[in-house]
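1. pasting the sequence and the predicted model now:
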Amino acid sequence: MNRAGIVSVVGILATATAYAPAALAAPLAPAASAAPSAACADQPAQARVRAGAHVTERNQPGPAQVAAMEKDFRSRLGKLPKKRTNAINVRVHFQVVYGSAGNVSDATLKKQLDVLNAAYAGSGVTFTHAATKRTQNAAWFSDPERNERAMKTALRQGNAQDLNFYTADLGNSLLGWATFPSSYRNSPVMDGVVVHYQSLPGGTLAEYNEGDTGTHEVGHWMGLYHTFQGACSGEGDQVADTPAEESPASGCPTGRDTCPSAGVDPIHNYMDYSYDACMTEFTPGQNQRMQSQWSTYRAQ
Ligand SMILES: [Zn+2]
């Protein structure tokens with residue numbers, strides 16, 4: 001199977017109804033038989049996609065959904081007190097779901113936590129280990145998409161400020177997915193991130209095994225869109241200091257510049273699809289958005 005075909009789908013869950021099982025199970029094309037195509041590149045992707053992959057991602061917000069989400073965000077943010085704290089502490093509940101494999105070690109989970117803390121150090125976000133729960137369930141482990149609701153209903157811990165970080169075998173199409181802060185209110189049980197257990201530091205997914213799938217998915221959980229959201233036009237990712245990008249980057253294509261507007265593509269940003277080693281930063285604008293999203297949807 002072509003490893004370079006793995007995708008990380010971020011579950012951008014704008015509404016509870018977006019989780020209809022039939023829609024979720026839909027069309028995950030086998031990576032090995034999926035040739036890249038214009039249709040693939042044109043998808044309004046909301047996930048980290050491995051090079052060459054062509055899958056239908058779940059829970060992606062299209063332009064109308066983003067517009068509705070942003071309208072709600074502005075409305076709620078505007079009603080908050082002006083003075084807000086900048087220090088955010090996220091309690092992390094590792095949810096290790098395993099079968100014949102996948103029982104990730106405590107040492108690996110600690111490395112993943114360290115990766116998160118390093119990546120978010122400049123964002124004012126710290127991650128504190130709250131608990132690790134190990135659950136042996138072969139079906140959930142091998143198909144967490146199809147079993148997402150049952151798995152999360154059984155396992156999820158805490159409130160809006162608790163990050164439930166599930167690890168499982170996402171197969172050859174996905175690296176991970178996440179939910180947005182704005183989804184918590186209507187669907188708290190689904191809140192969290194799910195990542196491929198081999199994407200954790202030291203895993204077997206070449207180029208995607210330094211733990212930055214976790215960094216990327218948590219970015220969505222903190223309220224960030226992809227840097228290529230909206231492609232070259234419009235408000236894109238709603239962050240002013242990430243140059244517009246027509247499509248996801250893969251690998252580490254230094255100097256890539258896909259939009260006529262100012263700035264080269266933000267291939268080093270954690271919210272692109274580049275290799276782990278290539279992704280090194282969040283911008284001040286993204287940091288500000290994370291703070292505002294937290295104040296609006298998670299601190300309440
Ligand atoms: Zn993503």
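-> Sure, I can see it.
2. longest single helix anywhere in this structure?
-> Assignment by DSSP state H gives helix 63-78 as the longest helix of the chain.
3. buried stuff in it?
-> Using 16 or more other C-beta atoms under 10 Å as the test for burial, helix 63-78 gives 65-66, 69, 73, 76. Just so you know, the C-beta spots here come from the backbone N, C-alpha and C atoms, and that holds for glycine as well.
4. nearest to the ion among those?
-> Taking C-beta to the ion as the measure, the ion lies nearest V66 of the buried residues of helix 63-78, at 13.8 Å.
5. can you give me the distance of that closest one to Q229?
-> Using C-beta to C-beta, to the nearest Å, V66 is found at 7 Å from Q229.
6. what do you get for L174?
-> Counting by C-beta to C-beta, the gap from L174 to Q229 is 19 Å.
7. thinking again about what came up before, next helix or strand past the longest helix of the chain?
-> Once the chain leaves helix 63-78, the next helix or strand it forms, by DSSP states H and E, is strand 88-98.
8. residues in contact with the following helix or strand past that next one?
-> Counting by DSSP H and E, the element after strand 88-98 in chain order, helix or strand, is helix 106-119. Helix 106-119 is contacted from outside by 92, 94, 96, 126-127, 129, 132, 165, 200-203, 210-212, 214-215, 218, 270, 282, using C-beta atoms under 8 Å, 6 or more residues apart in numbering.
9. which of those residues fall within strands?
-> Among the contacts of helix 106-119, the members found in strands (DSSP state E) are 92, 94, 96, 126-127, 129, 132, 165.
10. please pick the buried ones from those residues.
-> 92, 94, 96, 127, 165.
11. per-residue pLDDT of the first one, please?
-> Just to be clear, that refers to V92. pLDDT for V92: 98.
12. distance of it from the ion?
-> For V92, the distance to the ion equals 19 Å [C-beta to the ion, to the nearest Å].
13. same deal with the third one?
-> Using C-beta to the ion, one gets 22 Å for the distance from V96 to the ion.
14. residues in contact with that residue?
-> V96 makes contacts with 102-104, 109, 132-135, 167, 197, as judged by C-beta under 8 Å, 6+ apart.
15. now with 10 Å?
-> Counting by C-beta atoms under 10 Å, 6 or more residues apart in numbering, V96 touches 102-106, 108-109, 132-136, 141, 165-168, 197.
16. ok, now the second one?
-> Neighbouring residues of F94 by C-beta under 10 Å, 6+ apart: 104, 106, 108-110, 112-113, 129-134, 163-167, 200.
17. ok, now how distant is L80 from the ion?
-> Separation of L80 from the ion (C-beta to the ion) stands at 27 Å.
18. burial of that residue, as a residue count?
-> By the criterion of other C-beta atoms under 10 Å, L80 has 13 neighbours.
19. please list all residues in contact with it.
-> 292, 295-296, 299-300.
20. make it 8 Å
-> Contacts for L80 (C-beta under 8 Å, 6+ apart) come out as 295-296.
21. with L170 instead?
-> By C-beta under 8 Å, 6+ apart, L170 lies in contact with 6, 144-145, 176, 194-196.
22. model confidence for it, exactly?
-> Looking at L170, its pLDDT is 93.
23. cool, G62 as well?
-> As predicted, G62 sits at a pLDDT of 81.
24. so what's the residue count around it?
-> Using other C-beta under 10 Å, the number of residues around G62 comes to 11.
25. go on, H216?
-> Here the count is done by other C-beta under 10 Å, and H216 has 32 residues near it.
26. my guess is it contacts H196, does it?
-> No. Using C-beta atoms under 8 Å, H216 is not in contact with H196; the gap is 11.8 Å.
27. how much space separates the closest residue to A299 other than its chain neighbours from S123?
-> Using C-beta to C-beta, 6 or more residues apart in numbering and skipping the chain neighbours, the partner closest in space to A299 is Q161 (7.2 Å). Counting by C-beta to C-beta, the gap from Q161 to S123 is 15 Å.
28. the more surrounded of the two?
-> Legend: neighbour count by other C-beta under 10 Å for Q161 and S123, higher for S123 (20 against 14).
29. list the contacts of the more buried one.
-> 282, 286-287, 290-291.
30. can I get the residues you listed in a markdown table with distance to A150?
-> Putting the contacts of S123 into a markdown table (distance: C-beta to C-beta, whole Å) gives the following:
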| residue | distance to A150 |
| --- | --- |
| F282 | 33 |
| Q286 | 33 |
| N287 | 36 |
| M290 | 30 |
| Q291 | 34 |
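31. so which of the residues you listed are in helices?
-> The helices, defined by DSSP H, take in 286-287, 290-291 from the contacts of S123.
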